[in-house]
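Need a 3D model of the sequence below.
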Amino acid sequence: MTDYLLDADVGFTEFHVGGPPSLADIKAHSKWIISLRDPLERLKSCFDWQNPAGGGGIHPGDWTSRFYKSKTGGCFADFRAFARALGKSSETDACASLAHYTLSLEAAKPALPLKDTDGSNHFAKGLQWYVTAAGREPEALKALLRSNLLVVATESIDRDLSQVGQWLGLQINTSGVGHERPGIKHENSLGKEELANLRSALADEYKIAAALKKAARYRDSVDSAQKAEEMREQDDAEEAAEQEAEQEAEQEAEQEAEQEDKEAKKLQKAAEKAAPREAKKVAKQADKEAAKKAAEKDGRQAEKESVKAEGKALKAAEKAERVGEKEAVRAAKAAEKSAEKEEVKVAKEAGKEAKKLQKAAEKAAEQVPGKAE
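Residues are numbered from 1 along each chain as shown. Here you go, the predicted model:
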């Protein structure tokens, strides 16, 4: 775009590498030409443009060696690997952390110590960086959208450059349009998940692009400044209606929240009122359950004690039986021994009596007269 304006000898101020325009810059210029490219395609081109393996590598250094995969290390061999990493957590994956870091705006970049210049800056410098970067005036984008602007999109660049010539009253040669470096290799296939990750990461870029294209239609579609102003007023009315609808929705939501809060308080009071009765009921039931459990416990304990007592009685009976048997044997032996002693005693007494009788007989025989020997 710059080359075409220079060739046509048109005076202009370029906002590109030097930094984004301020609110004062936007108000100071009467016409704006904004170059647009599909955010995903721009990011992919940037990836390939700087990839040493694909013929790029305009920012060699510490970041490049970490970002692009090579024989010595690095994260991403191709754009698909980069897209997949955007769907992972920065907290658990080092390459995912580097991917998210690379797309973060400069003012919001996390700490990532690098030994040299950060070659990732170009990745994040999309539309968001130019018009809504952190710390910018909040009115900058709104002022730009209300300015007299024309959008030149890559997908319709021939037509849009012709409109630039008509708009400025110039004859512009659009032949040889392109932004390509010989030898750069592009990988075009992306999976569903990879596309979803990229679309999510670039959501704000797509919103700003849509807003700029919508604002630029004033110049493309009207024949007079009066009609353009009418279209702006119509859009302002639609925007006001949308804001009013949003406010009404917010009010309805607040009213619903208040009503829900009232219902909740009402239920709470009812619950508090019913709580004592319910508490007594619960306590009574708890007492019943406790008594039941205690009775069951006592029953089980009594059963255990009964079994234990029966065991003790059985053991005692067995012991008594064993002791009785021993005593009976002992008594029998004692009786037998005593009987033997009595028999001996009787035998001795009988022997003594026999001897006495024999002596008495012998003495009597001696006293019988006339008995001769």
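
From here on, just use CA atoms for contacts and neighbour counts.
Will do.

any chance you could map the strands in the chain?
31-36, 148-153 (DSSP state E).

relative to strand 31-36, how tilted is the last one?
Here strand 148-153 points in a direction 20 degrees away from that of strand 31-36 (axes from the mean of the first three to the mean of the last three C-alpha atoms, to 10 degrees).

Tell me which of the strands of the chain sits most buried.
Most buried of these, by mean neighbour count (mean count of other C-alpha atoms under 10 Å): strand 148-153, with a mean of 21.

Can you list the strands that that strand pairs with?
Sheet pairing for strand 148-153, assigned by DSSP bridges, gives strand 31-36 (parallel).

Ala140 and Trp129 touch, don't they?
No. Here Ala140 lies out of contact with Trp129, judged by C-alpha atoms under 8 Å, at a distance of 11.8 Å.

just to revisit the earlier point, present the strands of the chain as a markdown table; the columns should include distance to Asp261 and mean pLDDT.
Below are the strands of the chain laid out as a markdown table (distance: least, C-alpha to C-alpha, whole Å; pLDDT from 0 to 100):
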| stretch | distance to Asp261 | mean pLDDT |
| --- | --- | --- |
| strand 31-36 | 49 | 88 |
| strand 148-153 | 50 | 85 |
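
Rebuild those as CSV, extending it with distance to Lys280.
Shown next, in CSV, are the strands of the chain (distance: least, C-alpha to C-alpha, whole Å):
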stretch, distance to Lys280
strand 31-36, 74
strand 148-153, 76
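
For Tyr206, find the nearest of those strands.
With distances scored as C-alpha to C-alpha, the stretch of those nearest to Tyr206 is strand 31-36 (10.5 Å).

What is the burial count for Ala211?
13 (other C-alpha atoms under 10 Å).

how much space between it and Leu145?
Going from Ala211 to Leu145 by C-alpha to C-alpha, to the nearest Å gives 7 Å.

Can you tell me the centre-most residue of the protein?
Nearest to the mean C-alpha position of the chain, by C-alpha atoms, centre = their mean, lies Ser89 at 10.5 Å.

How about the contacts made by the residue nearest to that residue when sequence neighbours are not counted?
With sequence-adjacent residues excluded and distances taken as C-alpha to C-alpha, 6 or more residues apart in numbering, Ser89 is closest to Ala96, at 6.3 Å. Contacts of Ala96 were listed using C-alpha atoms under 8 Å, 6 or more residues apart in numbering, and they are Ala85, Leu86, Gly87, Lys88, Ser89, Ser90.

What is the burial count for the last one?
The reference is to Ser90. Using other C-alpha under 10 Å: Ser90 sits among 16 other residues.

Repeat that for the second one.
Using other C-alpha under 10 Å, Leu86 is surrounded by 22 other residues.

swap in the first one?
Other residues within reach of Ala85, judged by other C-alpha under 10 Å, total 24.

what do you get for the fourth one?
Residues within reach of Lys88, counting by other C-alpha under 10 Å, total 17.

can I assume Glu91 is in contact with His100?
No. Under the criterion of C-alpha under 8 Å, Glu91 makes no contact with His100, lying 10.8 Å away.

These two: which has the busier surroundings?
Taking other C-alpha under 10 Å, Glu91 and His100 do not tie; His100 has more neighbours (20 against 8).

What about the closest residue in space to that one that isn't next to it in sequence? Give its phi and psi, please.
Leaving out its chain neighbours, the residue that sits closest to His100 by C-alpha to C-alpha, 6+ apart is Leu86, at 6.4 Å. Torsion angles at Leu86 (phi, psi; degrees, to the nearest 10) stand at phi -70, psi -20.

Leu86: what's it in contact with?
Listed by C-alpha under 8 Å, 6+ apart, the contact partners of Leu86 are Ala96, Ala99, His100, Asn197, Leu198, Ala201.

Quick check: the gap between it and Glu258.
Here the criterion is C-alpha to C-alpha. By it, Leu86 lies 41 Å from Glu258.

go on, Val151?
Counting by C-alpha to C-alpha, the gap from Val151 to Glu258 is 47 Å.

Tell me where the stretch 1-150 of the chain is predicted with low confidence.
Residues of the stretch 1-150 of the chain meeting the criterion pLDDT under 70: 17, 54-62, 106-121, 133-138.

same thing but 90
Within the stretch 1-150 of the chain, the segments meeting pLDDT under 90 span 1-37, 45-75, 77-78, 89-94, 97-150.

Could you pull up the mean pLDDT of the top helix by length along the chain?
Assignment by DSSP state H gives helix 225-366 as the longest helix of the chain. For helix 225-366, mean pLDDT rounds to 76.

Surely Trp209 is in contact with Leu36?
Just so we're on the same page, residue 209 is Ala rather than Trp. Yes. Ala209 lies in contact with Leu36 (C-alpha under 8 Å); the separation is 7.3 Å.

how distant is stretch 73-90 from the center of its chain?
Between the centre of stretch 73-90 and the centre of its chain there are 21 Å (C-alpha atoms, centre = their mean, to the nearest Å).

Now that stretch: buried residues?
Across stretch 73-90, burial judged by 16 or more other C-alpha atoms under 10 Å covers 75-76, 78-88, 90.

ends of that stretch, how far apart?
In stretch 73-90, first residue to last residue: 19 Å (C-alpha to C-alpha).

now do stretch 13-32
Length of stretch 13-32, first residue to last, C-alpha to C-alpha: 10 Å.
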